[in-house]
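Pasted the sequence and its predicted model underneath.
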Amino acid sequence: MTLANLPISEYPAYYQKYIDQLPQDDLLSLLNGQGKEMSSFLEGLNQDDLKKHYAPGKWTVAQVLQHLFDTERIFQYRALCISRGDKTPLPGFDQDSYVPASFATERKGEDLLEEYKAIRASGICLFKSFSNTMLKEKGVSSGGELSVAAAGFIIAGHEKHHLRLFQSHYKL
(Lines give C-alpha, C1' and ligand atoms only; values in the text may rest on other atoms or scores of the structure.)
Protein backbone atom coordinates (compact mmCIF):
# COMPACT_ATOMS: atom_id res chain seq x y z
CA MET A 1 0.00 0.00 0.00
CA THR A 2 1.24 3.48 -0.83
CA LEU A 3 0.69 6.66 1.09
CA ALA A 4 -1.38 7.99 -1.82
CA ASN A 5 -3.91 5.21 -1.10
CA LEU A 6 -4.30 6.18 2.57
CA PRO A 7 -7.46 8.26 3.13
CA ILE A 8 -7.22 10.87 5.87
CA SER A 9 -10.34 9.31 7.39
CA GLU A 10 -8.22 6.33 8.50
CA TYR A 11 -6.35 8.13 11.27
CA PRO A 12 -6.92 10.93 13.79
CA ALA A 13 -6.04 14.44 12.56
CA TYR A 14 -3.32 14.70 15.22
CA TYR A 15 -1.12 12.34 13.19
CA GLN A 16 -1.27 14.41 10.02
CA LYS A 17 1.96 16.18 11.03
CA TYR A 18 3.75 12.83 10.80
CA ILE A 19 2.05 11.66 7.62
CA ASP A 20 2.92 14.96 5.90
CA GLN A 21 6.63 14.27 6.32
CA LEU A 22 6.56 11.11 4.23
CA PRO A 23 7.21 10.59 0.53
CA GLN A 24 4.51 8.86 -1.50
CA ASP A 25 6.29 5.47 -1.24
CA ASP A 26 4.75 2.18 -0.27
CA LEU A 27 4.77 1.28 3.40
CA LEU A 28 7.30 -1.56 3.30
CA SER A 29 9.76 0.50 1.25
CA LEU A 30 9.47 3.32 3.77
CA LEU A 31 10.02 1.05 6.76
CA ASN A 32 12.96 -0.72 5.10
CA GLY A 33 14.61 2.52 3.96
CA GLN A 34 14.16 4.17 7.31
CA GLY A 35 15.53 1.11 9.06
CA LYS A 36 18.79 1.55 7.19
CA GLU A 37 18.82 5.33 7.74
CA MET A 38 18.14 5.09 11.48
CA SER A 39 20.64 2.26 11.96
CA SER A 40 23.31 4.37 10.27
CA PHE A 41 22.36 7.34 12.46
CA LEU A 42 22.58 5.23 15.62
CA GLU A 43 25.94 3.76 14.61
CA GLY A 44 27.32 7.32 14.39
CA LEU A 45 26.35 8.28 17.93
CA ASN A 46 28.68 8.11 20.90
CA GLN A 47 27.81 7.99 24.61
CA ASP A 48 28.12 11.79 24.93
CA ASP A 49 25.67 12.27 22.04
CA LEU A 50 23.13 10.07 23.83
CA LYS A 51 23.20 12.39 26.85
CA LYS A 52 22.60 15.60 24.86
CA HIS A 53 19.43 17.60 25.17
CA TYR A 54 18.80 20.80 23.27
CA ALA A 55 17.32 22.77 26.16
CA PRO A 56 16.86 22.34 29.91
CA GLY A 57 14.00 19.97 30.65
CA LYS A 58 13.97 18.48 27.16
CA TRP A 59 14.55 14.80 26.57
CA THR A 60 18.05 13.52 25.91
CA VAL A 61 18.85 11.79 22.61
CA ALA A 62 18.68 8.43 24.42
CA GLN A 63 15.27 9.29 25.84
CA VAL A 64 13.95 10.32 22.43
CA LEU A 65 15.25 7.07 20.96
CA GLN A 66 13.52 5.03 23.66
CA HIS A 67 10.35 7.04 23.01
CA LEU A 68 10.61 6.09 19.32
CA PHE A 69 11.06 2.43 20.19
CA ASP A 70 8.15 2.41 22.64
CA THR A 71 5.89 4.20 20.19
CA GLU A 72 6.78 1.85 17.36
CA ARG A 73 5.98 -1.16 19.53
CA ILE A 74 2.66 0.35 20.57
CA PHE A 75 1.63 1.08 16.99
CA GLN A 76 2.70 -2.40 15.90
CA TYR A 77 0.46 -3.80 18.63
CA ARG A 78 -2.40 -1.57 17.54
CA ALA A 79 -1.97 -2.73 13.94
CA LEU A 80 -1.92 -6.37 15.05
CA CYS A 81 -5.09 -6.05 17.14
CA ILE A 82 -6.99 -4.20 14.44
CA SER A 83 -5.83 -6.57 11.68
CA ARG A 84 -7.20 -9.52 13.63
CA GLY A 85 -10.63 -7.94 13.93
CA ASP A 86 -10.35 -7.10 17.62
CA LYS A 87 -12.93 -4.37 18.17
CA THR A 88 -11.76 -3.58 21.71
CA PRO A 89 -10.96 0.15 21.85
CA LEU A 90 -7.21 0.52 22.31
CA PRO A 91 -6.04 3.01 24.92
CA GLY A 92 -3.65 5.88 24.46
CA PHE A 93 -0.41 6.03 26.39
CA ASP A 94 1.32 8.70 28.42
CA GLN A 95 4.66 9.20 26.69
CA ASP A 96 5.77 11.55 29.44
CA SER A 97 5.54 8.80 32.05
CA TYR A 98 7.18 6.18 29.81
CA VAL A 99 10.37 8.16 29.27
CA PRO A 100 11.65 8.48 32.86
CA ALA A 101 10.53 4.92 33.62
CA SER A 102 12.69 3.61 30.77
CA PHE A 103 16.03 4.70 32.29
CA ALA A 104 17.15 5.35 28.71
CA THR A 105 19.97 7.64 29.80
CA GLU A 106 21.70 4.65 31.40
CA ARG A 107 21.73 2.62 28.18
CA LYS A 108 24.63 2.05 25.83
CA GLY A 109 24.50 3.01 22.19
CA GLU A 110 25.10 -0.52 20.93
CA ASP A 111 22.18 -1.78 23.03
CA LEU A 112 19.90 0.89 21.59
CA LEU A 113 20.99 -0.04 18.07
CA GLU A 114 20.34 -3.72 18.70
CA GLU A 115 16.90 -2.99 20.11
CA TYR A 116 16.00 -0.71 17.21
CA LYS A 117 17.01 -3.29 14.62
CA ALA A 118 14.95 -5.97 16.37
CA ILE A 119 11.86 -3.77 16.66
CA ARG A 120 12.04 -2.61 13.06
CA ALA A 121 12.68 -6.11 11.67
CA SER A 122 9.72 -7.41 13.66
CA GLY A 123 7.52 -4.58 12.39
CA ILE A 124 8.50 -5.17 8.78
CA CYS A 125 7.62 -8.86 9.15
CA LEU A 126 4.31 -7.91 10.74
CA PHE A 127 3.30 -5.40 8.05
CA LYS A 128 4.52 -7.75 5.31
CA SER A 129 2.13 -10.40 6.68
CA PHE A 130 -0.94 -8.20 6.24
CA SER A 131 -3.10 -8.65 3.16
CA ASN A 132 -4.54 -5.60 1.40
CA THR A 133 -7.84 -6.33 3.15
CA MET A 134 -6.15 -6.43 6.55
CA LEU A 135 -4.34 -3.13 5.87
CA LYS A 136 -7.73 -1.46 5.38
CA GLU A 137 -9.24 -2.83 8.60
CA LYS A 138 -10.16 -0.11 11.09
CA GLY A 139 -10.44 -0.01 14.83
CA VAL A 140 -10.52 2.53 17.62
CA SER A 141 -7.26 3.73 19.14
CA SER A 142 -6.83 6.63 21.55
CA GLY A 143 -10.47 7.53 20.96
CA GLY A 144 -10.16 7.84 17.18
CA GLU A 145 -10.49 5.61 14.16
CA LEU A 146 -7.23 4.01 12.97
CA SER A 147 -6.53 1.63 10.10
CA VAL A 148 -3.79 -0.97 10.08
CA ALA A 149 -2.02 0.82 7.20
CA ALA A 150 -2.28 4.17 8.98
CA ALA A 151 -0.55 2.67 12.02
CA GLY A 152 2.39 1.72 9.81
CA PHE A 153 2.60 5.10 8.13
CA ILE A 154 2.39 6.84 11.51
CA ILE A 155 5.37 4.76 12.69
CA ALA A 156 7.34 5.94 9.65
CA GLY A 157 6.24 9.57 9.95
CA HIS A 158 6.92 9.71 13.67
CA GLU A 159 10.44 8.43 13.14
CA LYS A 160 11.03 10.92 10.29
CA HIS A 161 9.81 13.73 12.56
CA HIS A 162 12.31 12.84 15.27
CA LEU A 163 15.20 12.34 12.85
CA ARG A 164 14.60 15.89 11.64
CA LEU A 165 14.57 17.13 15.23
CA PHE A 166 17.87 15.36 15.88
CA GLN A 167 19.33 17.36 13.00
CA SER A 168 17.69 20.72 13.66
CA HIS A 169 17.56 20.85 17.46
CA TYR A 170 20.25 18.46 18.65
CA LYS A 171 22.64 19.30 15.77
CA LEU A 172 23.42 15.62 15.13
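Done, it's in.

Now do the spatially most central residue of the chain against Met38, distance only.
For the chain, the residue sitting closest to the mean C-alpha position, by C-alpha atoms, centre = their mean, is Ile155 at 3.2 Å. Distance from Ile155 to Met38, counting by C-beta to C-beta, to the nearest Å: 11 Å. C-beta here means a position set from N, CA and C on the backbone, and glycine is covered the same way.

if we can go back for a sec, my guess is the residue nearest to the centre of the chain contacts Tyr77, does it?
No. Ile155 sits out of contact with Tyr77 when judged by C-beta atoms under 8 Å, with a separation of 11.3 Å.

Checking the residue lying farthest from the centre of the chain next. Helix, strand or coil?
Largest separation from the mean C-alpha position in the chain: Pro56, at 24.7 Å (C-alpha atoms, centre = their mean). Following DSSP: H, G, I helix; E, B strand; the rest coil, Pro56 is assigned to coil.

contacting residues for it?
Residues counted as contacts of Pro56 (C-beta atoms under 8 Å, 6 or more residues apart in numbering): none.

when you give positions from now on, start the count at 2
Sure thing, new numbering starts at 2, so read that last one as Pro57.

Let's see the pLDDT reported for it.
Note for Pro57: predicted pLDDT of 94.

What separation do you get for it and Ala151?
For Pro57 relative to Ala151 (C-beta to C-beta), the value is 35 Å.

for this structure, where's the lowest mean pLDDT among helices and strands?
Lowest on mean pLDDT, DSSP states H and E among the helices and strands of the chain sits helix 96-103, with a mean of 95.

Report the distance from that one to the chain centre.
Mean-position distance between helix 96-103 and its chain equals 16 Å (C-alpha atoms, centre = their mean, to the nearest Å).

which element follows that helix toward the C-terminus?
The first helix or strand that comes after helix 96-103 along the chain, using DSSP states H and E, is helix 110-130.

If you average the pLDDT over the helix or strand just after that next one, what comes out?
Toward the C-terminus, helix 110-130 is succeeded by helix 133-137 as the next helix or strand (DSSP H and E). What helix 133-137 shows for mean pLDDT is 97.

Which elements pack onto helix 133-137?
helix 149-169 (3 or more C-beta pairs under 8 Å, 6 or more residues apart in numbering; DSSP states H and E).

buried stuff in the helix it packs on?
149-161, 163-164, 166-167 (16 or more other C-beta atoms under 10 Å).

Please, which helix or strand holds the closest residue to His159 other than its chain neighbours?
Excluding the flanking residues, the one nearest His159 by C-beta to C-beta, 6 or more residues apart in numbering is Tyr19, at 4.9 Å. Under the criterion of DSSP H and E, Tyr19 resides in helix 17-20.
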